[in-house]
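Asks: Give the three-dimensional model of this entry:
(chains A and B)
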Amino acid sequence: MSRTTIELEPALPEGVLQIFATAVEDAVAQRYPDAAVKVGFEAPRRPEFGDFATNVAFSLAKVAKRSPQDVAAQIVADVRSRAPHLDTLFSSIEPTSGFINLRLAPGIWQNVVAKILREGARFGEFPRNGKRISLEFGSANPTGPLVVVQGRSMSLGDALAHALRFSGYDVFVEWIINDAGGQLDTLGRSLYARYRQIYDPTFPFPEDGYPGDYLRPIARDLSERDDEKWVDSEEAAWLPYFATFGRDRLVEEQRATAERFGVRYDLWQSERELHESGKIREGIDRLRELGHTYEDDGALFFRATEFGDDKDRVLIRRDGRPTYFAMDVTYHYQKMLRGDRVIDILGPDHHGYIGRLKGLARALAYDPEAVHVLIAQQITLMRGSEQVSMSKRAGDIVTLDEIVDEVGVDAARFFFILPSAESPLTFDLKLAVEQSNENPVYYVQYGHARIASVLKNAAAADIATAQQNPDLSPLSHAAELALMRRLAEFPEMVRGVAEHLAPHRIARYARDVAADFHQFYTECRILSDDAATRVARLALCLATKSILARALGLAGVSAPDSM
RNA sequence: GCGGUCGUAGCUCAAUUGGAUAGAGCAACAGGCUACGAACUUGUAGGUUGGGGGUUCGAGUCCCUCCGACCGCGCCA
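Replies: Numbering: from 1, shown residues only, chains lettered A, B, ... in the order given. This is a model prediction of the structure:
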């Protein structure tokens, strides 16, 4: 395909497939007037079957009373005779065992490269669709440092947030601070014990207190500020003070860890604030208005059994205090008010909650299908072949900060989103520390750095031409076609992440792009003696670099020019 | 006991939501730099997708049933 043809007729894969689909529909309407078919395309798993395939012949086989193989062959023959110009758009159209396999002409893929170069970071971005999403992830109790589970939750959540924004949604990212109820008292008592131990090392630590050493520096700061002021006072006097002081410090540290991890939130919602501001009533009142509550034995119940739960749930205790569930009702009610969809990423111990939250959505007259709960499954930390103990009760926690110290943000974030959220993850610290090539982030980053290195060796004039006005027609080598085809998948990949809430696809896609580039690099000399080839390949490098950086960026991983 | 999630190569995980001969990485073995970064690449080997049954042109995917693992089931948070 000549260059002028490309400019006059910027045929992109989606458009070309649409043309083919229309041709097939016309042919089918002619031959089988009663059959209503929708022509869909999929990417075959095996590359020798081409770029795309359609399975229309299978659904027609019954109506046609013929084998799918015959139907497919007939359709291809019909389409060929009716639309001979298709030969300029496809390099092959073949019926194979019932499927119709399609291979696009190289010029179509070259057009995608040109589009990437033209649009840069905006390539594949969807227009704003006006839909709002409330997305919560990472949330932890304010009673200790963030650990590896929150690391995974944040990696998944932040990548998902990026993909959703890129797909046109307005995403509101939030964190709930569980700072109400008894656990904050436990925090206060634990912190108080650490404080007293500064003056008297034999001072007993509470049986159910939060072990580990992380409260000691906070206690030290407290003693520097207040000296021995609290040593002789009553618990009623010091408990609220210590609990609040501890919470503030720990939330501050959690926020710092999140920022270091590259994650920013639109809202840090304090549970206690929901209570104190009276907002806690709103969700409960809403349920009451809708007639889904009743009083029994002095307590207020939610009729959860009418919404699929196995038991009615208490909202207000006999003593008048609202339960955790009441807070959750209110919090989710607010999320439903500010989002057309609500997405929670929860820990593995909360998956009993999925049904309850969907039931709650129905009770609140909100579409349960618009509520999504993603469970970030368990992580097993290993050091070589030895499992790292992470018992919170025993106090031997491994903090997220320690992990980042060891392996860096890039490796941690990439590793955390590599498996799907529902799949348990085994994370070997020893291998990550060794920066062994088992850690796939280096593979992808190396691809990016390798391109940067080639560009450094290229002439500035060649790069300028490649960026601004390249003739891409020399790109026809198998490795070049495979790479171009991969780059073209980017928008569809991001859409898939958003639609299926599957951020792990970002990491796998980035790896695939890198693999296709490395193969291209091995098989094709970029800085060729032939000027036309050289400029075209430099253009392909620029497009690849842009897509790699974009994919890594979605995952929150840096794209270095050298490493 | 009830409910949820899951079970795929020796290990860690995919599989475009029902498509063709189930794919990658690591580990193992055998190859590839006098040229742009070998942190790369080519090939070989590795499987009854936990077992069995069903639905249909077609099942890792959907239904039933066993086996096994993890987890939830409080007027705790």
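Asks: Excluding chain neighbours, give the residue nearest to residue A:541 in space.
Replies: Excluding its sequence neighbours, the residue lying closest to residue A:541 (CB to CB, 6 or more residues apart in numbering) is residue A:451, at 5.0 Å. Quick note: C-beta positions are derived from backbone N, CA and C, even for glycine.
Asks: okay, now that neighbour: neighbour count?
Replies: Using other CB atoms under 10 Å, residue A:451 has 26 other residues around it.
Asks: My read is that residue A:418 contacts residue A:440, right?
Replies: Yes. If you go by CB atoms under 8 Å, residue A:418 and residue A:440 touch, sitting 6.7 Å apart.
Asks: These two: who's more crowded?
Replies: Neighbour comparison, residue A:418 and residue A:440: the larger count goes to residue A:418, with 21 against 17 (by other CB under 10 Å).
Asks: Give me the three-state assignment for the residue lying closest to the more buried one once chain neighbours are set aside.
Replies: Nearest non-adjacent residue to residue A:418, counting by CB to CB, 6+ apart: residue A:507, 4.7 Å away. For residue A:507, the assignment made with DSSP: H, G, I helix; E, B strand; the rest coil gives helix.
Asks: Name all residues that make contact with residue A:507.
Replies: Counting by CB atoms under 8 Å, 6 or more residues apart in numbering, residue A:507 touches A:414, A:417, A:418, A:440, A:555.
Asks: Tell me where the stretch 401-550 of chain A has strands.
Replies: A:425-428 (DSSP state E, counting those that start in this stretch).
Asks: Next: chain A.
Replies: Using DSSP state E, the strands of chain A run over A:52-54, A:90-96, A:99-104, A:132-136, A:170-177, A:267-270, A:293-296, A:299-302, A:313-316, A:341-346, A:371-375, A:379-383, A:386-387, A:425-428.
Asks: quick check: mean pLDDT across the longest one?
Replies: Spelled out, that is strand A:170-177. Averaged over strand A:170-177, pLDDT sits at 95.
Asks: ok, and what's touching that strand?
Replies: A:128, A:130-139, A:142, A:157-158, A:161, A:164-165, A:247, A:251, A:258, A:264-272, A:331, A:335, A:338-339.
Asks: now the residues you listed: which count as buried?
Replies: Taking 16 or more other CB atoms under 10 Å as the criterion, what is buried in the contacts of strand A:170-177 is A:133-139, A:142, A:157-158, A:161, A:164-165, A:247, A:251, A:258, A:265, A:269-272, A:331, A:335, A:339.
Asks: which residues does whichever residue of chain A sits closest to RNA strand B contact?
Replies: RNA strand B sits closest to residue A:181 of chain A, with a gap of 2.2 Å, by CB to the nearest atom of the strand. Residue A:181 is in contact with residue A:324, counting by CB under 8 Å, 6+ apart.
Asks: which intervals of chain A have sub-threshold pLDDT?
Replies: By pLDDT under 70, the weakly predicted segments of chain A are A:1-10, A:385, A:391-395, A:433-438.
Asks: domain assignment for it?
Replies: With domains defined by automatic domain parsing, chain A comprises A:3-104, A:182-247, A:439-555.
Asks: give me every residue that touches the closest residue to residue A:127 other than its chain neighbours.
Replies: Among residues not flanking residue A:127 along the chain, residue A:168 sits closest, at 5.8 Å (CB to CB, 6+ apart). By CB under 8 Å, 6+ apart, residue A:168 lies in contact with A:126, A:127, A:128, A:129, A:131.
Asks: so which of the residues you listed comes closest to residue A:559?
Replies: Ranked by distance to residue A:559 (CB to CB), the contacts of residue A:168 are led by residue A:126 at 22.2 Å.
Asks: How about that closest one: what's its closest non-neighbour residue?
Replies: Residue A:126's closest residue in space is residue A:168 (CB to CB, 6+ apart), at 3.9 Å.
Asks: Quick one: neighbours of residue A:312, just the number.
Replies: 16.
Asks: Identify the residue spatially nearest to residue A:49, adjacent ones excluded.
Replies: residue A:101 (4.9 Å).
Asks: dump the residue contacts of the one you found.
Replies: Residue A:101 makes contacts with A:44, A:49, A:50, A:52, A:53, A:92, A:93, A:94, A:95, as judged by CB under 8 Å, 6+ apart.
Asks: ok, what's across the strand from it?
Replies: residue A:53, residue A:94 (DSSP bridges).
Asks: and which of the contacts of residue A:507 is nearest residue A:466?
Replies: Using CB to CB, the contacts of residue A:507 come closest to residue A:466 at residue A:555, 26.9 Å.
Asks: didn't that closest one look like it was pressed against residue A:412?
Replies: No. At 11.0 Å, residue A:555 does not count as touching residue A:412 under the criterion of CB under 8 Å.
Asks: Now for those two: what residues contact both?
Replies: residue A:155.
Asks: Neighbours of the closest residue in space to residue A:336 that isn't next to it in sequence, how many?
Replies: Nearest non-adjacent residue to residue A:336, counting by CB to CB, 6+ apart: residue A:366, 4.7 Å away. Neighbours of residue A:366 under the rule other CB under 10 Å: 21.
Asks: So residue A:366 sits against residue A:335, correct?
Replies: No. The pair residue A:366 and residue A:335 fails to qualify as a contact (CB under 8 Å) at a distance of 9.6 Å.
Asks: what sits against residue A:39?
Replies: Counting by CB under 8 Å, 6+ apart, residue A:39 touches A:20, A:21, A:24, A:25, A:54, A:56.
Asks: Dihedrals phi and psi, the nearest residue to the fourth one once chain neighbours are set aside?
Replies: In this structure, residue A:25 finds its nearest non-sequential neighbour in residue A:39, 6.1 Å apart by CB to CB, 6+ apart. With angles defined as degrees, to the nearest 10, residue A:39 shows backbone torsions of phi -90, psi 110.
Asks: How about the residue in chain A that sits furthest from its center?
Replies: residue A:232 (51.2 Å; CA atoms, centre = their mean).
Asks: and that one, what does it touch?
Replies: If you count contacts by CB under 8 Å, 6+ apart, residue A:232 has none.
Asks: If we use 10 Å, what do you get?
Replies: Residues in contact with residue A:232 (CB atoms under 10 Å, 6 or more residues apart in numbering) are residue A:238.
Asks: for residue A:555, same thing?
Replies: A:155-156, A:158-159, A:162-163, A:262, A:410, A:413-414, A:416-418, A:441, A:444, A:503-504, A:506-507, A:509-510.
Asks: same thing with residue A:307?
Replies: A:292, A:355, A:356, A:358, A:359, A:360, A:361, A:362, A:363, A:364, A:368.
Asks: what's the closest non-adjacent residue to it?
Replies: residue A:359 (3.3 Å).
Asks: Show me which residues of the stretch 351-500 of chain A are close to RNA strand B?
Replies: A:351-352, A:354-355, A:375, A:377-378, A:418-420, A:422-426, A:435-438, A:440, A:442-443, A:446, A:449-450, A:452-454, A:456-457, A:496, A:500 (CB under 7 Å from any atom of the strand).
Asks: Give the buried subset of the residues you listed as a PyMOL selection command.
Replies: Buried residues within these, by 16+ other CB under 10 Å, are selected in PyMOL with:
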select buried, chain A and resi 354+355+375+377+418+419+420+425+440+442+443+446+449+450+452+454+496
